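Visitor: Quick one, fold the following:
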Amino acid sequence: MGYASFLKRARALLCIRNQLARECLAELLAVFVLILITLGGAAQMVTSSGTKGNIITSSLAGALAVMVAIYTAGGVSGAHLNPAFSLAMSLLGQLPWWKFPIFVAVQTFGSFIAAGAVYALYYDAIWSYSNGTLTASGPRETASIFATYPAEHLSLPNGFLDQVLGTAVLIVGILAITDTRNRAVPRGLEPVAVALLVLAIEVSMGSNCGSPMNPARDLGPRLFTLAAGWGTEVFSRGSAWWWVPVVAPLVGAALGTGLYQLFVAFHHPEEEEDGGRERRQTKH
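Guide: Model (predicted):
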C-alpha cells in the first residue's frame, strides 16, 4: 500500500502537462531507441568483420528499430523520428510549421546521444577493430558505424538522386499505410507495415550509400564522431558528402508528399468522405 502511494505521488510530481514538452520527450526517447538499435546493428557487423552480422542483419535491425520506436511514441508525438517525415506532415498541415524546427532539433539531439550510447556499448570492440585509431577511411575505418558514406563508385549527383528517390518512396508508403480512405492496414499494425517498408527500401536501395533517408539519423551521429575523436574527416570524406543525406531526404519528402496527393489523395470520392461523416454523426 505504501509503495502504491509512493508511485502515485511520484507520478503526480513528475507528470508533465504541457503538450509540446510531452511530445518532445516522447520523440526524444523514440529516436534514441531507433538510433541505438540501428547503429548497434551496424557496429556488430563492422567490429566482428562480418562474422556476427551482415548487411541483412543490419537492415533488419534498422527496420525493427523503426517499429519499436513508432510503438514507443506514436500515441504521443506521432513518432515522426525523421525531419523528412516532419516536413511532410507540415506540408500537409498536420504539424504546425513553428513545431517543425523543434522536432528537428529533438530528433537530431536524440540521434547524437544514441550514437554516444552505441560508442560506449561497443567501446572495446571499436578500439580493438580499429587498432587504436579512429578513422573515417581505410580498411579499418569505423566512422561508417555511425553515419553514412558514399560507395567509391558514387558521384554526388547520383547520391543526391538516390536519397531523393528513397525518401520519396518512404513518404509515399507511409502516407498510403496511414490513409484511412485507402486500403489502410488494421489499426495497431501500422508500425509493422512501416518497418517492412523501411526494410524493402534498405535491401533494394542501400548499396549506394546505406539509404539513410533521415537527416537527423545521419547528422546527429556524424556530429558525435566529430566530437569523439574521428576528426574533421567525417565531414570531408567523399567530396564533402555530409550535406547530401541532410538535404536530399527533405527534397524527397516534399516530392513524395506531392506525388501521393496528386496521384491518390486528391482523387478520393467526395461522396465517400461525406458518407463517412454522416455515418459517424448518426452513430453519435
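Visitor: so where's the stretch 1-150 of the chain uncertain?
Guide: Within the stretch 1-150 of the chain, the segments meeting pLDDT under 70 span 1.
Visitor: try 90
Guide: 1-18, 137 (pLDDT under 90).
Visitor: wait, Leu29 sits on Ala73?
Guide: Yes: with contact defined as Cβ atoms under 8 Å, Leu29 reaches Ala73; the gap is 6.6 Å. The C-beta positions use only the backbone N, C-alpha and C, and glycine is treated the same way.
Visitor: Determine the next helix or strand in the C-terminal direction from the lengthiest helix in the chain.
Guide: Ranked by residue count and defined by DSSP state H, the top helix of the chain is helix 19-47. Taking DSSP states H and E as the definition, the helix or strand that follows helix 19-47 towards the C-terminus is helix 55-73.
Visitor: Could you list every helix and strand in contact with that next one?
Guide: With contacts defined as 3 or more Cβ pairs under 8 Å, 6 or more residues apart in numbering; DSSP states H and E, helix 55-73 has these neighbours: helix 19-47, helix 190-205.
Visitor: Just name the most buried of these.
Guide: Highest mean neighbour count among the helices and strands packed on helix 55-73 (mean count of other Cβ atoms under 10 Å): helix 19-47, with a mean of 21.
Visitor: which other helices and strands contact that helix?
Guide: Helix 19-47 makes packing contacts with helix 55-73, helix 100-121, helix 123-129, helix 215-225 when contacts are defined by 3+ Cβ pairs under 8 Å, 6+ apart.
Visitor: Other residues contacting the last one?
Guide: Identification of contacts with helix 215-225 by Cβ atoms under 8 Å, 6 or more residues apart in numbering yields 31, 34-35, 38-39, 81-84, 104, 107-112, 114-116, 119, 134, 136, 143, 146-148, 212, 234-235, 242, 245-247, 249-250.
Visitor: quick one: average confidence on it?
Guide: Within the predicted structure, the mean pLDDT of helix 215-225 is 97.
Visitor: starting at the chain centroid, how far to that helix?
Guide: Per Cα atoms, centre = their mean, to the nearest Å, the displacement of helix 215-225 from the mean C-alpha position of its chain is 11 Å.
Visitor: ok, Thr108 to Thr57 distance?
Guide: Here the criterion is Cβ to Cβ, to the nearest Å. By it, Thr108 lies 26 Å from Thr57.
Visitor: Looking at the two now, which is surrounded by more residues?
Guide: Shown here are Thr108 and Thr57; by other Cβ atoms under 10 Å, Thr108 has more neighbours (20 against 15).
Visitor: need the contact list for the more buried one.
Guide: If a contact means Cβ under 8 Å, 6+ apart, then Thr108 has 83, 215-216, 219-220, 223 as its contacts.
Visitor: Tyr71 too?
Guide: The contact partners of Tyr71, taken as Cβ under 8 Å, 6+ apart, are 79, 191.
Visitor: repeat that with 6 Å
Guide: Counting by Cβ atoms under 6 Å, 6 or more residues apart in numbering, Tyr71 touches Pro191.
Visitor: Please report how far it lies from Leu39.
Guide: When Cβ to Cβ is applied, the distance between Tyr71 and Leu39 equals 19 Å.
Visitor: Tell me which of the helices and strands packed on helix 19-47 lies nearest to Leu199.
Guide: Each of those was scored for nearness to Leu199 using Cβ to Cβ, and the closest is helix 55-73 (3.7 Å).
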